[in-house]
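S.K.: Test case, fold it:
(2 chains)
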There are 2 protein chains.
Amino acid sequence: MTASAHGQVSRTCRPRLIQPSLIFAVLATFLPAQFARAEDPLPSWKDTGPKRAIVGFVERVTKEGSPDFVLPNERIAVFDNDGTLWCEQPAYFQFFFAIDRVKALAPQHPEWKTREPFASLLKGDLKAFAASGQKGVVELIAATHTGMTTEEFSKTVSDWIATAKHPKTGRLLTDMVYQPMIELLAYLRANGFKTFIVSGGGIEFMRPWTEKIYGIPPEQVVGSSGKLKFEMRDGKPVLLKLPEVELIDDGPGKPAGIQSHIGRRPLMAFGNSDGDQQMLEWTAAATGAPFCLLVHHDDADREWAYDRDSKIGRLDKAWDEATAKGWTIVSMKNDWKNIFSTPGR
Amino acid sequence: MTASAHGQVSRTCRPRLIQPSLIFAVLATFLPAQFARAEDPLPSWKDTGPKRAIVGFVERVTKEGSPDFVLPNERIAVFDNDGTLWCEQPAYFQFFFAIDRVKALAPQHPEWKTREPFASLLKGDLKAFAASGQKGVVELIAATHTGMTTEEFSKTVSDWIATAKHPKTGRLLTDMVYQPMIELLAYLRANGFKTFIVSGGGIEFMRPWTEKIYGIPPEQVVGSSGKLKFEMRDGKPVLLKLPEVELIDDGPGKPAGIQSHIGRRPLMAFGNSDGDQQMLEWTAAATGAPFCLLVHHDDADREWAYDRDSKIGRLDKAWDEATAKGWTIVSMKNDWKNIFSTPGR
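M.R.: Residues are numbered from 1 along each chain as shown, chains lettered A, B, ... in the order given. Next up, the predicted model:
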């Protein structure tokens, strides 16, 4: 029976209490958005190889009866954060947070005026801070990310990120997210995927804002973490952030973080640097036909251009492996129509 | 317009291509089960205080406009496993697994015949094993739970649990789960809750079977864990289980495990022993009106009866706090119609 047959019968019968269109309206309310409208779910992606590869893959693994069909509960997609979901130049944004915390806490720490790495940071001398090496980073993280309760830290991050701006663009840091990736996250979720962040960044630094910005809830955020200590304060239970490392969720730590937090192999993995190489290898070695993608920062006009020689977001070994194994590589310059969302969205 | 009005109009108009009942049939397909049928979602629970408290709570937090309304993404329910979701007597079932592994691995370890705690375990002398104390447990876990890849361990657990039987009832261990709790898990999920296990048991020991038995996917299982090491073996990435503790997810470790894996405060928490006390305190101290429940093992006829003096599943301090603070306490004897599912379900 065709729609016109419906119409003919209906027209011969007044009053029409049940309209055929009503069923479709009712259905549309309960069906995922992509069924109800035929709009392009990835409008910021050009119609080039990466978009076709993503859409082709998603259609294959979600089509029942397809040899590549994957049950919804096994549709796990993992995303690096810095350089993959949001900008990471001229420095990881969490570093801006740490510097701002040092400035805010300095009045309570007069000794920092002469103690490294704090003295250099307070003077704005990042070169001298860099000279303090890993020891300096550890001291900076301990001073700004530990010694408080998880709730205190969460509030500090939330307050900070509500106004923190990018030093070059002047935009809110939370506007420095990649619009094509925001669309990709939503597209995957509409197709039954669970989207996870797997980042070298701090797990407690990301959780206060990932749900609002990316639609990724705290339980789907994996990151570097320190140990927590339960204690009672004035009869109220708190978790204290200790200056002891639990997991460095970077490089070979990413598969460990994935196993610890997710407990099964991802079906899709997205990264942009050598820090993501093992996560991509771990995903690529799964049974079936997993999907691995690297974002290549090659657009100096609209963002930054960097790969092999970069200190932050270095893409060298992972690039070689991606090209050798045929993983998808996105050129930000050639494959993305837009990089950032329209200001003031 | 009433249903009878629908019927009258329809009857005057043949052929009826769009039947009113079709809309309801279509709707029923897309609506959660509890709307489509008025059946009791908790048939194994007697109509006593605990059931009324649970249903009343769930109705309050899921009713839009209610002062206690909680958004679906914040509806987190955490469940202890041993003694809360499945039986924990006469010993934790994971201990049965460890003993069976010692027996299976013994031919490769001739030295175990004379080395404790293995010699006692191989002789079946559990009293002598107990005398080896915490050192014996650590050696047992190291020998049976570490030194292999996560995939090898997962397969060993899956193979074992497919046939492992309870020493007293002779039933499959996976049939020793509490039917009222299975119903509760499904009821909460149907009401938009995410259900998590937060257990002192091993995270990698539980994950191979929790999805099938409880409907809880691996990424919603929190448990005690060891460190993992990423390495390449014959060009294939693996994660090696190391004999180093990452988290003891028991007592004060449970809130730490919840924060690490979930990252937000539960709305409901379910336990049965002092090992769950801090998890319940952490949940009870949340803003709003959280729900805490203890299962009391007081049914020696149908299961076991134990509380203050028990070595396994000891319920002493948590009991005092529950009664003082008005947390819900379930008497397995008086509040549950059935404890286990019908054999062969």
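S.K.: Tell me the helix or strand right after the host helix or strand of A:Gly136.
M.R.: Per DSSP states H and E: A:Gly136 is located in helix A:133-145. As assigned by DSSP H and E, the chain's next helix or strand after helix A:133-145 is helix A:150-161.
S.K.: Buried residues of that next one, list them for me.
M.R.: By neighbour count on 16 or more other Cβ atoms under 10 Å in any protein chain shown, the buried set for helix A:150-161 is A:150, A:153-154, A:156-157, A:160-161. Just so you know, the C-beta spots here come from the backbone N, C-alpha and C atoms, and that holds for glycine as well.
S.K.: distance of the closest residue to A:Leu172 other than its chain neighbours from chain B?
M.R.: Among residues not flanking A:Leu172 along the chain, A:Lys165 sits closest, at 5.9 Å (Cβ to Cβ, 6 or more residues apart in numbering or on different chains). Between A:Lys165 and chain B the computed distance is 26 Å (Cβ to the nearest Cβ, to the nearest Å).
S.K.: these two touch, right, A:Lys165 and A:Met176?
M.R.: No - using Cβ atoms under 8 Å, A:Lys165 is not in contact with A:Met176, being 9.4 Å away.
S.K.: more crowded one of these two?
M.R.: Between A:Lys165 and A:Met176, A:Met176 has the larger neighbour count (other Cβ atoms under 10 Å in any protein chain shown), namely 21 against 14.
S.K.: Just give the nearest non-adjacent residue to the more buried one, would you?
M.R.: A:Met176 sits nearest to A:Cys87 (Cβ to Cβ, 6+ apart), 4.3 Å away.
S.K.: what number of residues lie near that neighbour?
M.R.: Residues lying near A:Cys87 (other Cβ under 10 Å) number 24.
S.K.: wait, what's in contact with A:Met148?
M.R.: Residues in contact with A:Met148 (Cβ atoms under 8 Å, 6 or more residues apart in numbering or on different chains) are A:156, A:240-241.
S.K.: which stretches of chain A form strands?
M.R.: Listed in chain order, the strands of chain A (DSSP state E) span A:76-79, A:194-202, A:221-233, A:236-247, A:268-271, A:291-296, A:328-331.
S.K.: would you turn these into a markdown table with mean pLDDT?
M.R.: As requested, the strands of chain A are exported to a markdown table (pLDDT from 0 to 100):
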| stretch | mean pLDDT |
| --- | --- |
| strand A:76-79 | 98 |
| strand A:194-202 | 98 |
| strand A:221-233 | 97 |
| strand A:236-247 | 97 |
| strand A:268-271 | 98 |
| strand A:291-296 | 98 |
| strand A:328-331 | 98 |
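S.K.: These: which one's closest to chain B?
M.R.: Nearest to chain B among the strands of chain A is strand A:221-233; the distance by Cβ to the nearest Cβ comes to 3.8 Å.
S.K.: Okay, now the sheet partners of that closest one, with direction.
M.R.: Sheet partners assigned to strand A:221-233 using DSSP bridges are listed as strand A:194-202 (parallel), strand A:236-247 (antiparallel).
S.K.: Highest mean neighbour count out of these?
M.R.: strand A:194-202 (a mean of 24; mean count of other Cβ atoms under 10 Å in any protein chain shown).
S.K.: For the stretch 101-250 of chain A, what lies in contact range of chain B?
M.R.: A:150, A:194, A:203-204, A:207, A:211, A:217-221, A:225, A:227-232, A:236-237, A:239, A:246-247 (Cβ under 8 Å from any Cβ of the partner chain).
S.K.: try 6 Å this time
M.R.: Contact residues (Cβ under 6 Å from any Cβ of the partner chain) of the stretch 101-250 of chain A with chain B: A:150, A:207, A:217-219, A:228, A:230, A:236-237, A:239.
S.K.: Quick check, A:Phe270 in contact with A:Phe79.
M.R.: Yes - using Cβ atoms under 6 Å, A:Phe270 makes contact with A:Phe79 at a distance of 4.7 Å.
S.K.: how about the helices in the stretch 51-200 of chain A?
M.R.: Assigned by DSSP state H, counting those that start in this stretch, the stretch 51-200 of chain A shows helices spanning A:93-105, A:118-123, A:126-131, A:133-145, A:150-161, A:179-190.
S.K.: Contact partners for the residue positioned nearest the centre of chain A?
M.R.: Computing the C-alpha centroid of chain A and ranking residues by Cα atoms, centre = their mean puts A:Asn81 first, at 3.9 Å. Applying Cβ atoms under 6 Å, 6 or more residues apart in numbering or on different chains to A:Asn81 gives the contacts A:197, A:199, A:201.
S.K.: If we ignore the residues flanking it in sequence, what's nearest it?
M.R.: A:Ser199 (3.7 Å).
S.K.: so what's the one you found up against?
M.R.: A:80-81, A:223.
S.K.: Go again with 10 Å.
M.R.: A:Ser199 makes contact with A:78-85, A:92, A:94, A:205-206, A:210, A:221-224, A:249-250, A:254, A:257, A:271, A:275-276, according to Cβ atoms under 10 Å, 6 or more residues apart in numbering or on different chains.
S.K.: ok, back up a step: identify the contacts common to A:Phe270 and A:Phe79.
M.R.: Listed as contacting both A:Phe270 and A:Phe79 by Cβ under 10 Å, 6+ apart are A:85, A:181, A:184-185, A:188, A:195, A:198, A:276, A:279, A:293, A:295.
S.K.: Look at A:Glu303 and say how many residues are nearby.
M.R.: Counted with other Cβ under 10 Å, the neighbours of A:Glu303 add up to 20.
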